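**Student:** Need coordinates for the following:
(chains A, B, C and D)
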Protein chains: 4
Amino acid sequence: MLFTCEQPEGQARDPGELERIIGQAYEAGRARTQTGTVASYIPELAKADGREFGICARNLAGETIAFGDTEKRFSIQSISKVLNLAAALTFLGVRGTFAHVRMEPTGDAFNSILKLDTVSDLPFNPMINAGAIQVMSLLSNIIDFEQLLCFARAFCMDEQIQLNEAVYHSEAETGDRNRAIVYLLKSKGVLQGDPDKTVDLYFRMCSLNVNARSLANMGLLLANGGVNPFTGQRMIQTDHVRILRSLMLTCGLYDESGAYGVWVGIPSKSGVGGGIMGSVTRQWGIGTYGPALNEKGNSAGGIAALRYMSQALGLNIFA
Amino acid sequence: MLFTCEQPEGQARDPGELERIIGQAYEAGRARTQTGTVASYIPELAKADGREFGICARNLAGETIAFGDTEKRFSIQSISKVLNLAAALTFLGVRGTFAHVRMEPTGDAFNSILKLDTVSDLPFNPMINAGAIQVMSLLSNIIDFEQLLCFARAFCMDEQIQLNEAVYHSEAETGDRNRAIVYLLKSKGVLQGDPDKTVDLYFRMCSLNVNARSLANMGLLLANGGVNPFTGQRMIQTDHVRILRSLMLTCGLYDESGAYGVWVGIPSKSGVGGGIMGSVTRQWGIGTYGPALNEKGNSAGGIAALRYMSQALGLNIFA
Amino acid sequence: MLFTCEQPEGQARDPGELERIIGQAYEAGRARTQTGTVASYIPELAKADGREFGICARNLAGETIAFGDTEKRFSIQSISKVLNLAAALTFLGVRGTFAHVRMEPTGDAFNSILKLDTVSDLPFNPMINAGAIQVMSLLSNIIDFEQLLCFARAFCMDEQIQLNEAVYHSEAETGDRNRAIVYLLKSKGVLQGDPDKTVDLYFRMCSLNVNARSLANMGLLLANGGVNPFTGQRMIQTDHVRILRSLMLTCGLYDESGAYGVWVGIPSKSGVGGGIMGSVTRQWGIGTYGPALNEKGNSAGGIAALRYMSQALGLNIFA
Amino acid sequence: MLFTCEQPEGQARDPGELERIIGQAYEAGRARTQTGTVASYIPELAKADGREFGICARNLAGETIAFGDTEKRFSIQSISKVLNLAAALTFLGVRGTFAHVRMEPTGDAFNSILKLDTVSDLPFNPMINAGAIQVMSLLSNIIDFEQLLCFARAFCMDEQIQLNEAVYHSEAETGDRNRAIVYLLKSKGVLQGDPDKTVDLYFRMCSLNVNARSLANMGLLLANGGVNPFTGQRMIQTDHVRILRSLMLTCGLYDESGAYGVWVGIPSKSGVGGGIMGSVTRQWGIGTYGPALNEKGNSAGGIAALRYMSQALGLNIFA
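**Tutor:** Model (predicted):
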């Protein structure tokens, strides 16, 4: 096993202590699942069991600590926005991407189009639906789903990732608000690809089957500066990693991003499938799964577990 | 000189190199002043000389590096929002403060009231006018201006800070939008103090005369975890420092906060008087002065200098 | 008794039939009061008895038909917006008035400031709070309350109209949203008078004590083309009457104006004090009093009675 | 020739005088065309000649007075919203229609979706795009384009009305904002038909080729209470006519409806193809054609001509 980055600093803790702390984070998350409810706006998501919860944390010292439902597959949903943006940065560059989408948090709900129609023709950031669809319109001209799937598998170090057909069809059947967004972008003359192809790719990427371990890997790769720590291969450029991490921090948890920044302070991205992916520079990749969501659409258990872990291990970027 | 915190890590640079880099940051900032324009919405601010520029950087190794107009006094304006929030956290606690104001970035302009009237009765965050006025309404019940001035002087390690009477009167004469905000908050039943007293305190705190050095000191104290590195005295609690730094990062540069996070990545707060205050944990406090503002109301030169310094010294929190 | 206008056309009905129809309108209105609730946002209004209801209809044939609580005094509230606009038109002319306020319905609630801050610096129309305050700022420079009171008494042909001191103080104490509006207008540079004087006059005019008969008189004068039918004296210019009636139709019942236009079709203005004043050209002035309001802030009973009367007597302007 | 309605009242004017007045209205309109610009958002519309202007006025006394380009065919555009609403009322009834769309003016531009996403899930009124698309979704389940075309021909008493294929294809190619609206309505669960079928029918109805005479006929039929004055056949129910005329008055000229009500006061509907259709109860049907539009998207010449005619002949409903 090859680790190209430095070890977590000042972590003189024994593995047992880490296991104990993350076990407590797991308990904190699992307890909190009771306060949330499973997403219902896509029928296929409503079938999830809200009591399920799992956390997988991997660090650059080579340790993997997992509790609960960490092998259970679920749809990646909005966490794919990180994959899409990473792909756009890789294939189109920073300018080629951010000529078409802004970088500002909105304070609005994930599917809001208010700002799009009143403040700016360009979507506010790639972590909300409008911005992610815009990014996908760029990608749709140069890449197909199979290639994006390969990209996702490599990023998540998980060859088992597949399209969840049931979720994909459910997305496509109920994704009218996203269709409204794609046509609004087109009507403003900013969309960069074919509307149908764009939303189809967007729906497909939302429907990838991941588990908490895949998400931990994603976070670990970002924590390692964009390099796969197991192979030493660079996946994402350093400056793209910085952009991804920054937007995850300011925009990654919808209109809960600000509070999450204060109380957790780990660049993260959530999805309504119940996942949260977090990345602590030079230290941790963390994936949680808990489909019971809070009123902002973020995993209730995942936030609780990440908050516990951040406080107990001093991972808050602002501390 | 007493420094209670650890030294900047891995900074094997000689002082000459730091001076050279910060000198280049100064040049980058000074060049950029030409692209900005001095604030005009308060007559007194319009008198500033847009070509002025200065940067003062102090680190926890005891070094102070300054270029340009770093002793020139100017009004602190919105950077006082950090002082006000720090005072509220100190005197009322985290819960006593955030029961009355949220923590979310808005993506709206600094003086927007759109969200206040459509999304939430509580102001979105303490770094925009509505939130800062709300915080001041809390303070207005327990503290007077003299005490806030003392607090500001201690935080900035600068006993020369005075009320700029001309700016204060100019603020009071033209502050109708802030009066609209205070009455809107009162009409919603969320304001916690007397409207007149609240805006008067708010205007006064915006009118404090600081210089780039005072702002560097503010950033240094935050970089040092809330402890004055010269006296060893704790000024701000550790957990309050984390909250301040987090909100500076997500909300500190108005609707440019997201892009600033990506390109600079230093928790900072700007003011339309031309100042920017930045804080790099365990390393730097940085103050810049450049009254020529960009279209978002942030110092054009300040952003350029801070971006240069962040990149050259690797200070981006997301790198 | 002198009537300068033609008689109601084709009204071959005997007075008994009119009395019967208006009696049925009264019953329809009184029954509907049960579905509404008394305004609570001003303490003094909350004291009203929601079961009270009255209708007074006067026509240009010299008939007066009244049922129920038609002598009961209540505060005129937003119906004063018609008085204020009429005064502005009289003393400042059409251009002098509409240079400062627009003529468009908004579809927003009566106290909305959304449009003011997003679409237009000028208030949308004089029948919503923002527009009426703007109109009052114009008047505040040339007229005082005593003169406006005289104007109101003459318009309503009612020398008993007084300021309701209790309501006035209640308005002034709780009128923070209107203060927010006046300062927002001032901050945009469109307000034409002193903010305090403007809102004070506005509150006073909202607090005039009228009854259903006064409102019927107001409507009758408008129905008579601006001429007092009892004295033959012209009170309002013909072209101003047209403007008043048009804005009453498109904007007179807040965000219920469109439906009211369809189902009733009588230019009218409502107030949260429970009054509605309607005017049928060359025929009727109608005043209703019923403080139980529907969810749009309009008198539930008043709308039901006016709708009944409009249908039974064919008064809909669009029929 | 059979006229079922009463003659214009008190019109002791000789035909020569009417011709002179309407000739002056024509001149007023033609002069004003210079201030407007041809619609450009649909390529096919941009081909129109902005200097063209025509007016056709027909009254229930059997007179037809026409000046200018009254036989020139142009696309009906938004005036078809009146046809669609009339068809919905006819085939689905008042309740069956207004259970799915509101009746309130918005003060927003014709294609706004702001209110739809912030205030109400149901579109504000059938005279803006969102509301008209909603109405069309109702119709799409029970009627096809051929039937709607027949309905339009009968309403306009014009068997020459055809689909303008070039405009239709241009609409369909550039109608992305309308597609955004249809999907937004679907995502809110309020749309009543298939999205593709709905917008296709909507585009087709916007693309009907009419002339000023067809529009005058439309207005004449409404002026005659819904009965074809030439055949005596009832086309639209009396109470539906009242609803159509009321919504034309409050919502017929987009965010210029309020001012148009004051200065013209004739229930009318405009289209970006350059047409305006007006209806004066028991008197006139008026059609104007002038593709040079003002900044609100209404025919500059048409408004000027209708205003002249309204004032000269005393047609303002509020006078």
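**Student:** So which residue is dead centre in chain A?
**Tutor:** Centroid-nearest residue in chain A: residue A:79, 2.6 Å away (criterion: Cα atoms, centre = their mean).
**Student:** what residues are up against the residue lying closest to that residue once chain neighbours are set aside?
**Tutor:** Nearest non-adjacent residue to residue A:79, counting by Cβ to Cβ, 6 or more residues apart in numbering or on different chains: residue A:271, 4.3 Å away. Where C-beta positions appear, they are placed from N, C-alpha and C, glycine not excepted. In this structure, residue A:271 makes contact with A:75-80, A:206, judged by Cβ atoms under 8 Å, 6 or more residues apart in numbering or on different chains.
**Student:** returning to what we had before: is it true that the residue nearest to the centre of chain A touches residue A:272?
**Tutor:** No: taking contacts as Cβ atoms under 8 Å, residue A:79 lies outside contact range of residue A:272: 9.8 Å.
**Student:** Would you map the strands across the stretch 101-250 of chain A?
**Tutor:** With strands called from DSSP state E, counting those that start in this stretch, the stretch 101-250 of chain A shows them at A:209-210.
**Student:** got any ranges where it has weak pLDDT?
**Tutor:** Judged by pLDDT under 70, the stretch 101-250 of chain A has its weakly predicted residues at A:108-119.
**Student:** please redo it, this time with the cut-off set to 90
**Tutor:** A:105-121, A:124, A:174 (pLDDT under 90).
**Student:** residues from it in reach of chain B?
**Tutor:** Counting by Cβ under 8 Å from any Cβ of the partner chain, the stretch 101-250 of chain A comes close to chain B at A:102-108, A:115, A:119, A:124-125, A:238, A:242-243, A:245-247, A:249-250.
**Student:** Sitting in helices, which of those residues do you find?
**Tutor:** Those of these mapping onto helices are A:115, A:238, A:242-243, A:245-247, A:249-250, per DSSP state H.
**Student:** burial of residue A:53, as a residue count?
**Tutor:** Residues contacting residue A:53 under the criterion other Cβ atoms under 10 Å in any protein chain shown number 31.
**Student:** Kindly provide the distance from it to residue A:196.
**Tutor:** Going from residue A:53 to residue A:196 by Cβ to Cβ, to the nearest Å gives 37 Å.
**Student:** what domains does the record give for chain A?
**Tutor:** A:15-77+A:208-230+A:239-313, A:80-206 (automatic domain parsing).
**Student:** Point out the most buried one among the ones you listed.
**Tutor:** Of all the domains of chain A, domain A:15-77+A:208-230+A:239-313 has the most neighbours on average by mean count of other Cβ atoms under 10 Å in any protein chain shown, namely a mean of 24.
**Student:** List the contacts of the closest residue in space to residue A:176 that isn't next to it in sequence.
**Tutor:** Spatial nearest neighbour of residue A:176, excluding adjacent residues (Cβ to Cβ, 6+ apart): residue D:187 at 3.8 Å. Counting by Cβ under 8 Å, 6+ apart, residue D:187 touches A:176-177, A:179-180.
**Student:** State the pair within those that is farthest apart.
**Tutor:** Farthest pair in the contacts of residue D:187 (Cβ to Cβ) is A:177 and A:179. Separation: 7.2 Å.
**Student:** Is stretch A:306-319 in proximity to chain B?
**Tutor:** Yes: counting by Cβ under 8 Å from any Cβ, chain B has neighbours in stretch A:306-319: A:316-319.
**Student:** Now render the residues you listed as TSV, adding neighbour count and secondary structure.
**Tutor:** Shown next, in TSV, are the residues of stretch A:306-319 next to chain B (neighbours: other Cβ atoms under 10 Å in any protein chain shown; DSSP: H, G, I helix; E, B strand; the rest coil):
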residue	neighbour count	secondary structure
A:316	20	coil
A:317	23	coil
A:318	23	coil
A:319	16	coil
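**Student:** Could you list which of those residues also contact chain C?
**Tutor:** Among the residues of stretch A:306-319 next to chain B, not one lies near chain C by Cβ under 8 Å from any Cβ.
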